[in-house]
Each structure stands twice: as C-alpha cells, then as structure tokens.
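Q: next one to model:
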Amino acid sequence: MFTGYKDATFYSRSGRFLTAVILAIGVLGTVEFFVNHRISAGIVATAALALVAVALYLFLWRPRLEVTDAGILVVNPLRSRRFAWTSIRSVEMRWLLTITTTSGSVAVWAVPRQSRASDAFGMRTDMRGLPDYAAQKQHEEQDNGSGAQNAALRVIRSRLDG
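A: Have a look, this model is predicted:
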C-alpha cells in the first residue's frame, strides 16, 4: 500500500455551527428563566438544555471521518468503527458517503452530500486547501460534483488506488 499521504479529518462544519447557535440560544433562554421566573423553572430549563446539548453533541458535533495511513475511522453518533485499507471494497457518494467493506456497508454521517442549492449559489469549498489535492484531481471526473463532501471520496479513492 502506498503511504506518504497527509492524514485527513472530515466533519460537518454546518453541524458544528448549528450546535453552537442552538446552545447559545438555549443558554440565553435558561438565564432568562432564572432571572424572570422561579428558581425551579430555571432548574428545569437547565436540565432540558443539558439533554439538548447531549443530543446535539451526538448527532451534529461528534460524527467525523478520519483517513490515515493505517485505515479509516468512522465516528457516527452511537458507534465508531475502524477499517483497514485491505478490508475496504468500494466507496460511493449518494445521500451520504458509504463505505463497503468485507463485513458490510457503513454510512458516514459526517460526510453528507452537498445540496444542489449550495451548488447553484456557488458555495463550494476551495479544494486546494484540502489534503491530497493532486490525488483528488485524478478522480474528479468520477465524482458526482466537486463539493467538499467529495474531497473525502477522492482522498479515500486515491489511497485505495495508490
């Protein structure tokens, strides 16, 4: 297996931004309950905010995809899985990046397909700043678009082909 690529980590920037915004609004609302209502209402609001924070962490902040020389680490909301390069059979992008291995398929929550609206409005990420740019360019014609979500697909394919 060819080595020498830079390690890459992919996660949803929009998911992390949404998490921060929702938590900021929740904290302001909780402070409002403590200031303008009874202490018991503030405690209930704090408990509700804690549950929301855990859910946001699991579903929007935690998911990521790590690509290293040793293999791939897929961190989904409730489960993490590590795959060696030899066990990976194929990768494809439909609604999410899907990795097919010898033991089945895994959807990667951290790498959703870019929406057509963001394509239409020119919100694509500049690919030159991502790892393995030269290797990614080799697979550009095989991808269904050129957004940042396909960078993960190109990085994985370049390592599988390398």
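
Q: drop to CA atoms for contacts and neighbour counts, all remaining ones
A: OK.

Q: how near is the closest residue in space to A8 that isn't next to it in sequence to A55?
A: Spatially, and ignoring its direct neighbours in sequence, A8 is nearest to V67 (5.2 Å; CA to CA, 6 or more residues apart in numbering). Between V67 and A55 the distance, using CA to CA, to the nearest Å, works out to 25 Å.

Q: how about the top helix by length along the chain: buried residues?
A: With residue count as the measure and DSSP state H as the assignment, the chain has helix 13-36 as its longest helix. Buried positions in helix 13-36, judged by neighbour count with 16 or more other CA atoms under 10 Å: G15, R16, T19, A20, L23, G26, V27, G29, T30, F33, F34.

Q: sorry, back to before: burial of the residue nearest to A8, as a residue count?
A: For V67, the number of neighbouring residues by other CA atoms under 10 Å comes to 23.

Q: return the longest strand anywhere in the chain as CSV; C-alpha atoms alone will do.
A: Identified as the longest strand of the chain according to DSSP state E is strand 104-112. Extracted C-alpha coordinates of strand 104-112, given in CSV (Å, rounded to 0.1, in the frame of the first residue of the first chain):
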residue,chain,number,x,y,z
GLY,A,104,-20.8,-4.9,5.2
SER,A,105,-21.6,-1.2,4.4
VAL,A,106,-21.3,1.8,6.7
ALA,A,107,-22.8,5.2,6.1
VAL,A,108,-20.7,8.1,7.2
TRP,A,109,-22.8,10.7,9.0
ALA,A,110,-20.0,13.3,8.9
VAL,A,111,-19.9,13.5,5.1
PRO,A,112,-23.4,14.3,3.7
